[in-house]
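Colleague: Sharing a sequence plus its predicted fold:
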Amino acid sequence: MVHDQLMVTIELSSIAGVRQRLFAGRFLVPAGIMVRRTLEWGSGVGFPVPVTIADIAPRTALQQRYWDPALTEPAQWNPVLEALHSHRSVRNYLPDPLTDETLDVLVSAAQSAATSSNLQAWSVVAVRDPDRKARLAALAGDQAHIVEAPVLLVWLADFARVRQLAGDRGAPIEGADYLESSYLGFIDAALAAQNAVTAAESLGLGTVFIGAIRNKPEEVAAELGLPPHVFAVFGLVVGQPHPDADAQIKPRLPRQAVLHPRRTTCLPSASTSTPTRGALPPSTAPSSSSIRGLHGFWTDSPRQHG
């Protein structure tokens, strides 16, 4: 079993009001169940004190996002920011169906995202049929959550609609075959899908993106019956999280690593940079490896654990 290693000091107040140091040192926690595991130590007043890992780990969504228990929420914090910072990928679902009404809300949220020149060069296919989901799952690396969730949304860069509308009106579309147009469709689809994710999470639903839908693009296109000039960009599983789903807020790089007043080098020099709060060594970073059948920690392979 893969374990995450944490260095902690636990201090709790007893009923008598005396602070007792119950434990100080390094211990192993099975990966993927950090917020669920309960440990017990004897207190200084003779009764066991239950302590969960959540008691010693970062508590708020902001703290968990950067794995920094010292972070405090800014004054302008609000429910929208809480929802955005609480995003997590869910890979274990109940079979409860997704209603048409809910799906309509997710799509309207997606259509409310920004779109280049209002072209809306994307579409989405809602796959509910179990057999079709199974075939798509096989094309995307046999990911079980594709099959067990009630719906797989396949997001498309859709240039067929734009071409048809232009043809119907005799409008020139000389720029449609340029690389920039491809970027436009992919970006529009990503912006729309992220809006749908936020909407789904606001309704208590879980989601996870399926990038492996691009593993076999021609087979996916044939399975979905896509016309020319339409490309499957990624999938998005949506459903009710299973009670045993151990989805966690994954830590990100420190903000200083991505926010720059100007950029002159690829990365700060190791000789001049200083450690920043929230930057975890690989040995202490939480891992979802055991859930996904992978090995190592999230810092070892961003491509695997992102």
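Modeller: Yes, it's here.
Colleague: ranges for the helices of this protein?
Modeller: 61-66, 79-85, 100-111, 130-139, 144-148, 160-169, 179-202, 217-224, 255-258, 289-292, 302-305 (DSSP state H).
Colleague: Of those helices, which is nearest Phe234?
Modeller: Phe234 lies closest to helix 179-202 among the helices of the chain, at 7.2 Å (Cβ to Cβ). The C-beta positions use only the backbone N, C-alpha and C, and glycine is treated the same way.
Colleague: what's next to that closest one, contact-wise?
Modeller: Applying Cβ atoms under 8 Å, 6 or more residues apart in numbering, the contact partners of helix 179-202 are 83-84, 86-87, 105-107, 109-117, 119-122, 124, 153, 155-159, 175, 206-207, 209, 231, 233-234, 236, 238.
Colleague: Could you tell me which of those count as buried?
Modeller: Among the contacts of helix 179-202, those classed as buried by 16 or more other Cβ atoms under 10 Å are 87, 105-107, 109-110, 113, 115, 119-122, 124, 153, 155-159, 206-207, 209, 231, 233-234, 236, 238.
Colleague: quick one: contacts for Phe136?
Modeller: Quick fix: residue 136 is Leu, not Phe. Val127, Ile146, Leu152, Val154, Ile213, Val220, Glu223, Gly235.
Colleague: I'd assumed Leu153 was in contact with the last one.
Modeller: Yes. Using Cβ atoms under 8 Å as the test, Gly235 is close enough to Leu153 to be in contact (6.7 Å).
Colleague: Would you mind confirming that Trp122 makes contact with Asp158?
Modeller: Yes. Under the criterion of Cβ under 8 Å, Trp122 makes contact with Asp158 at 5.5 Å.
Colleague: Could you list the single helix or strand in the chain with the lowest mean pLDDT?
Modeller: In the chain, the helix or strand scored least confidently by mean pLDDT, DSSP states H and E is helix 289-292, which has a mean of 35.
Colleague: Sketch out the low-pLDDT regions of the stretch 201-306 of the chain for me.
Modeller: Applying pLDDT under 70 to the stretch 201-306 of the chain flags the ranges 264-306.
Colleague: where exactly do the strands run in it?
Modeller: Assigned by DSSP state E, counting those that start in this stretch, the stretch 201-306 of the chain shows strands spanning 206-210, 230-239.
Colleague: For Leu259, find the nearest of the ones you listed.
Modeller: strand 206-210 (23.7 Å).
Colleague: To Glu73, which of the strands of the stretch 201-306 of the chain lies closest?
Modeller: It's strand 206-210; of the strands of the stretch 201-306 of the chain, that one is closest to Glu73 (Cβ to Cβ) at 23.9 Å.
Colleague: hey, C-alpha coordinates of the closest one in PDB?
Modeller: Taking Å, rounded to 0.1, in the frame of the first residue of the first chain, the C-alpha atoms of strand 206-210 are listed here in PDB:
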ATOM      1  CA  GLY A 206     -19.000  15.300  -8.900                       C
ATOM      2  CA  THR A 207     -17.000  15.600 -12.100                       C
ATOM      3  CA  VAL A 208     -13.700  14.500 -13.600                       C
ATOM      4  CA  PHE A 209     -12.200  15.400 -17.000                       C
ATOM      5  CA  ILE A 210     -11.300  12.500 -19.400                       C
END
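Colleague: still on that earlier bit, who wins for proximity to Arg132 among the strands of the stretch 201-306 of the chain?
Modeller: Of all those, strand 230-239 comes closest under Cβ to Cβ, at 12.0 Å.
Colleague: export that closest one as PDB, just CAs?
Modeller: Below are the C-alpha coordinates for strand 230-239, written out as PDB (Å, rounded to 0.1, in the frame of the first residue of the first chain):
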ATOM      1  CA  VAL A 230     -15.700  18.100 -35.600                       C
ATOM      2  CA  PHE A 231     -13.100  16.800 -33.100                       C
ATOM      3  CA  ALA A 232     -13.600  15.300 -29.600                       C
ATOM      4  CA  VAL A 233     -11.500  17.500 -27.200                       C
ATOM      5  CA  PHE A 234     -12.100  15.700 -23.900                       C
ATOM      6  CA  GLY A 235     -14.700  14.000 -21.900                       C
ATOM      7  CA  LEU A 236     -16.300  15.000 -18.600                       C
ATOM      8  CA  VAL A 237     -17.900  12.400 -16.300                       C
ATOM      9  CA  VAL A 238     -20.700  13.900 -14.200                       C
ATOM     10  CA  GLY A 239     -22.700  12.200 -11.500                       C
END
